[in-house]
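Undergrad: Requesting a structural model of the entry that follows:
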Amino acid sequence: MTGGAARLVRGTEEQGATFLDLFLDLVFVFALFQLSQGLLDHLNWSDAFQTLVLLLAVWWVWDQTSAVADRFDPQRPAIQVLVIGSMFGSLVLAASAPEAFGEHGLVFAGAYVAVQVGRSLFLVFIARGDERQRPEMRVLFWFGVSAVPWIAGAVMQGWPRGVLWALAVAVDYTVPRLGWPMPRLGRAGAAEFAISGEFLAERHRQFFIIALGELILVTGLGLSSNAFEADRSAAVVVAFATTVLLWRIYIHRAGEVFGGAVAAAPDPLRVTVSAIYAHLVMVAGIVAISVGDELVIEHPFGHTQPAWVAVILGGPALFLAGRAAFEYTVFGRVSRNRVAGVLLLAAISPATIFLPPVLVAAAAALVLAGIAVSDAARARGRPPEPPSPPG
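TA: You can find the predicted model right below:
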């Protein structure tokens with residue numbers, strides 16, 4: 001390894017998250033809050049699709065920026081400047097998100113492209129003449145490709161923007177699954193993207209906690225604004241209990257041994273990509289739950305609209321689906337209670353439009369509580385299950 005890149009590469013003896021990683025995460029509390037508020041203000045299928053596209057963009061910025069600290073030494077000033085610059089770009093991205101499909105489309109797309117392309121270009125430059133440059137060139141190439149529909153969509157209005165941006169995120173998310181193929185270089189081998197399983201696991205646990213922090217923020221704001229009225233306080237208790245149950249279900253077994261699954265996998269890159277996508281589904285569920293919490297706290301005994309049911313019950317169902325995919329990634333199997341929980345939430349949804357929102361949320365919390373109790377009962381007296389990712 002040549003001198004410039006060698007000084008910036010992270011040593012294998014220090015693979016834990018640093019203060020720089022945690023500092024980066026602060027922006028994404030704001031980003032998730034912005035997304036949930038945007039969906040809350042326009043709760044319909046069209047805006048749900050738009051929120052999903054924006055969430056995909058936000059998640060991919062975090063994931064790719066976070067990965068820098070796994071490959072390069074975050075104690076080096078050049079890497080710190082890079083991450084902080086990406087952090088500022090992410091702040092602009094999050095600030096423009098509510099009007100990304102309106103008058104701030106070019107700001108959102110420009111911030112996304114600037115962060116992704118700019119970061120990759122910087123890493124290609126500092127790794128010049130070294131083997132580390134090849135994977136960074138792959139990433140730069142594909143972010144350059146997806147930049148075209150991002151910018152093209154930003155200068156258009158209406159449905160063409162949604163179509164082009166959906167195409168852009170499809171490119172961004174499909175390419176890693178294919179091994180970052182590039183003309184003349186082909187697909188990347190497992191050794192080309194060296195992955196620290198423990199670092200990856202720690203960072204995704206941290207982001208999951210960040211997402212739960214957004215639920216705590218929403219719940220706390222609802223508690224402080226309701227003058228501690230009995231009905232709204234009851235809704236706050238349900239919302240808080242739901243947050244605790246999400247945390248408990250996430251960490252059970254798979255969340256604890258995720259790093260070991262990456263290390264044990266015959267194809268670590270494949271396991272990594274699968275886990276990234278599974279976490280994305282869980283975070284999408286948390287964004288929906290956040291919207292549901294606000295509705296329940298604001299209208300605990302109001303009339304439950306079908307769109308409200310979609311977020312109050314659909315959010316936990318999305319989380320469980322993502323958690324099931326994560327469990328399969330780690331253990332090569334899925335617990336039946338995860339599937340049963342999703343089916344039960346779907347089964348009760350038609351009847352819940354006749355219930356007040358707080359009782360709908362309580363029903364979702366009971367389903368989650370049943371899964372958490374089932375997990376604990378199944379694990380009692382048994383040795384921890386070792387990770388066994390699918391081949």
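
Undergrad: need the contact list for residue 18.
TA: Residue 18 is in contact with 69, 74-75, counting by Cβ atoms under 8 Å, 6 or more residues apart in numbering. Any C-beta I mention is one placed from the backbone N, CA and C, and that applies to glycine too.

Undergrad: ok, those residues vs residue 375, which is closest?
TA: residue 69 (31.7 Å; Cβ to Cβ).

Undergrad: Could you point out the helix or strand that follows the helix or strand hosting that closest one?
TA: Element membership for residue 69, per DSSP states H and E: helix 45-71. Proceeding N to C from helix 45-71, the next assigned helix or strand is helix 77-96, under DSSP H and E.

Undergrad: Distance from that following helix to the middle of the chain?
TA: In terms of Cα atoms, centre = their mean, to the nearest Å, the centre of helix 77-96 is set 18 Å apart from its chain centre.

Undergrad: contacting residues around residue 374?
TA: Contacts of residue 374 by Cβ under 8 Å, 6+ apart are residue 337.

Undergrad: Could you point out the member of the contacts of residue 18 that lies closest to residue 312?
TA: For the contacts of residue 18, the nearest to residue 312 is residue 69 (36.5 Å; Cβ to Cβ).

Undergrad: For the closest one, give its distance to residue 274.
TA: Distance, residue 69 to residue 274, by Cβ to Cβ, to the nearest Å: 21 Å.

Undergrad: more crowded one of the two?
TA: residue 69 (25 against 21; other Cβ atoms under 10 Å).

Undergrad: Could you pull up the mean pLDDT of stretch 384-391?
TA: Stretch 384-391 shows a mean pLDDT of 76.

Undergrad: send the alpha carbons of it over as PDB?
TA: Provided in PDB are the C-alpha atoms of stretch 384-391 (Å, rounded to 0.1, in the frame of the first residue of the first chain):
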ATOM      1  CA  PRO A 384     -27.400 -18.700  22.600                       C
ATOM      2  CA  GLU A 385     -27.900 -19.700  19.000                       C
ATOM      3  CA  PRO A 386     -24.800 -19.200  16.900                       C
ATOM      4  CA  PRO A 387     -25.200 -17.200  13.600                       C
ATOM      5  CA  SER A 388     -25.700 -19.300  10.500                       C
ATOM      6  CA  PRO A 389     -26.200 -17.100   7.500                       C
ATOM      7  CA  PRO A 390     -27.500 -18.700   4.300                       C
ATOM      8  CA  GLY A 391     -24.900 -19.700   1.800                       C
END
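
Undergrad: Thanks a lot, catch you later.
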